[in-house]
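Asker: Here is my input; please provide its structure:
(chains A and B)
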Amino acid sequence: EADIYQTPRYLVIGTGKKITLECSQTMGHDKMYWYQQDPGMELHLIHYSYGVNSTEKGDLSSESTVSRIRTEHFPLTLESARPSHTSQYLCASSGTQGWRTEAFFGQGTRLTVV
Amino acid sequence: DAKTTQPPSMDCAEGRAANLPCNHSTISGNEYVYWYRQIHSQGPQYIIHGLKNNETNEMASLIITEDRKSSTLILPHATLRDTAVYYCIVRVGAGTASKLTFGTGTRLQVTL
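Answerer: Numbers count the residues shown, from 1 in each chain, chains lettered A, B, ... in the order given. Sure, this is the predicted structure:
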């Protein structure tokens, strides 16, 4: 059972609003990731973190920002939402110890900007 | 991380074995082969991973060729619930300098 949670599951918000998507995990994983995925399309890595105070840009350029102040928490922020940000955002985490280094995913946040 | 190549889609009859191939000809000696699947628009789910030996768990088997340039994920008795997009990923297992990047995957359709 994966212990990684994303909130909210669904969000409809107006253009220009600031939003923060939450992601928390209770597995003590060092690595955390954010992906963006449009319906029927590829998963694109937009941000990742190797640990506290570490954040890196992913393969797909994104106007969002992330922070990693605590191991268990990796929020994603959009300062000014636009319709082009409408997508599903998936958070994941993985450990670095031993054989079991697979990633666990949250249920995702489906964002609609109107 | 090494790049992988998978067929875009496959069909399989329910109850039959589904064999999903993956090419990773540029794999390095310290890179593992991981398989995930994504059902509809849920978060991807880990299936199995291996380095050079064949692996089996309750979900699937992973066959890696001796030269490690390709692998096959085997679902021994596919069911309708196995319909999903399957991703083959090659990455360092426990290193810190390792992103987790997904390609386009194989869309497996299991039919009656």
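Asker: What about residue A:89, how many residues nearby?
Answerer: Residue neighbour count, defined by other Cβ atoms under 10 Å in any protein chain shown, stands at 23 for residue A:89. The C-beta positions use only the backbone N, C-alpha and C, and glycine is treated the same way.
Asker: Show residues contacting the helix or strand where it lies.
Answerer: Element membership of residue A:89 [criterion: DSSP states H and E] is strand A:87-94. Applying Cβ atoms under 8 Å, 6 or more residues apart in numbering or on different chains, the contact partners of strand A:87-94 are A:4, A:6, A:21, A:23, A:25, A:27, A:29, A:31-39, A:43, A:74, A:76, A:101-106, A:108-111, B:41, B:43-44, B:100.
Asker: Among the residues you listed, which ones are in strands?
Answerer: A:4, A:6, A:21, A:23, A:25, A:31-37, A:76, A:103-105, A:109-111 (DSSP state E).
Asker: Next, name the residue at the spatial heart of the chain.
Answerer: Using chain A here. In chain A, the residue lying closest to the centroid (Cα atoms, centre = their mean) is residue A:34, at 3.2 Å.
Asker: nope, chain B
Answerer: residue B:35 (3.3 Å).
Asker: what are the bridge partners for that one, then?
Answerer: residue B:48, residue B:88 (DSSP bridges).
Asker: residues touching it, list them.
Answerer: Contacts of residue B:35 by Cβ under 8 Å, 6+ apart are B:20, B:22, B:46-49, B:60, B:62, B:73, B:86-89.
Asker: And the residue of chain B closest to chain A?
Answerer: residue B:43 (2.9 Å; Cβ to the nearest Cβ).
Asker: shouldn't residue B:68 be in contact with residue B:28?
Answerer: No. At 9.3 Å, residue B:68 does not count as touching residue B:28 under the criterion of Cβ atoms under 8 Å.
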